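Engineer: I'd like to go over a predicted model; first the sequence, then the structure.
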Amino acid sequence: MNSRSMRRRDVRSGAWRTSLAGLLPIVLIGFTPVGAVAGDLSAQQQLVEKAKMTFDRFLVDRTTKAWYRKEARKVTAVFIVPQFLRGAFIVGAAGGSGVLLARDFVKGGWSPPAFYRMSTASIGAQAGADSSEVVLLVLTQAGLERFNSTGTFRLGLDAGMTVGSLSDGGVDGLDVISFAWSRGVFAGMSFDGVGITAAPGDNHAYYGRAVEAEQIFKGAVTNAQADELRAAVSRMIH
């Protein structure tokens with residue numbers, strides 16, 4: 001192959017890599033949650049109400065009913081993503097907005113919700129799209145503490161965040177158990193490497209002032225519009 005042909009191939013290869021790099025943000029934008037913009041109170045409330053609907057479904061699903069009746073008292077926190085979108089054409093992306101409620105082992109009950117974003121991206125041979133409802137049950141205090149961080153942490157990769165599902169063959173030693181409702185049933189889905197990032201703008205919009213997730217979990221603020229969601233999560237241990 002002569003040098004001119006090699007240069008043309010290098011240029012095409014470089015252009016292809018550049019196009020992938022440019023496409024990735026576009027794909028991610030397409031999966032950026034659109035109902036949770038800071039300052040839009042109704043958007044946060046819609047997310048809270050959808051989270052309740054997802055958890056109600058979780059509570060009656062035949063594949064989870066027996067387990068949570070036996071093991072729910074071990075749950076430290078519940079993270080609910082009502083719509084987790086995944087799509088790919090060479091470049092893959094997934095994302096959704098969610099809320100986390102922490103259990104108060106001293107006073108009983110559950111905290112108001114704190115807001116988060118869940119996202120990931122990949123490059124490779126892939127195609128397709130789907131939508132799932134996600135419930136993550138946090139079993140340990142170490143797992144809950146990861147949600148108090150201000151940056152992004154990655155499930156299954158960062159310390160204190162081992163994650164798996166009932167279908168993986170047992171939950172001993174796990175910090176988080178994952179469930180995903182897709183095609184009419186809750187089942188296991190791998191969330192290794194998925195990033196979770198706090199959404200302080202959503203917290204501010206929902207509670208009327210700047211507040212960190214840890215403060216929300218300790219009851220420093222409240223919003224009566226989240227009472228139905230809190231009651232739904234409380235039913236898990238009764």
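Structural biologist: That came through, no problem.
Engineer: which residues of the chain score low on pLDDT?
Structural biologist: 1-41, 86-94, 121-130, 159-160, 167-171, 183-189, 237-238 (pLDDT under 70).
Engineer: Repeat the analysis, applying 90 as the threshold.
Structural biologist: Across the chain, the stretches falling below the confidence threshold (pLDDT under 90) are 1-42, 57-74, 83-96, 104-109, 118-132, 142-143, 146, 148-195, 234-238.
Engineer: tell me the domain ranges of it?
Structural biologist: The chain resolves into domains spanning 1-30, 32-237 when parsed by automatic domain parsing.
Engineer: ok, how many other residues are close to Gly193?
Structural biologist: By the measure other CB atoms under 10 Å, the count of residues near Gly193 is 13. No exception for glycine: its C-beta is placed from N, CA and C like everyone else's.
Engineer: so where does it fall, helix or strand?
Structural biologist: Using DSSP states H and E, no element contains Gly193; it sits outside every helix and strand.
Engineer: so who does it touch?
Structural biologist: 120, 154-157 (CB atoms under 8 Å, 6 or more residues apart in numbering).
Engineer: any idea how far it is from Ala114?
Structural biologist: The span separating Gly193 from Ala114 equals 22 Å under the rule CB to CB, to the nearest Å.
Engineer: Same check on Lys70?
Structural biologist: Using CB to CB, we find Lys70 at a distance of 27 Å from Ala114.
Engineer: same question, Asn203
Structural biologist: 6 Å.
Engineer: Kindly indicate which of the contacts of Gly193 lies nearest Thr63.
Structural biologist: Distances from the contacts of Gly193 to Thr63 were compared by CB to CB; the smallest belongs to Leu155, at 21.0 Å.
Engineer: For the closest one, the count of nearby residues, please.
Structural biologist: Applying other CB under 10 Å, I find that Leu155 has 24 neighbouring residues.
Engineer: Could you pull up the residues touching it?
Structural biologist: Counting by CB under 8 Å, 6+ apart, Leu155 touches 161, 163, 176, 191-196.
Engineer: If we use 7 Å, what do you get?
Structural biologist: Residues in contact with Leu155 (CB atoms under 7 Å, 6 or more residues apart in numbering) are 161, 163, 176, 191-194, 196.
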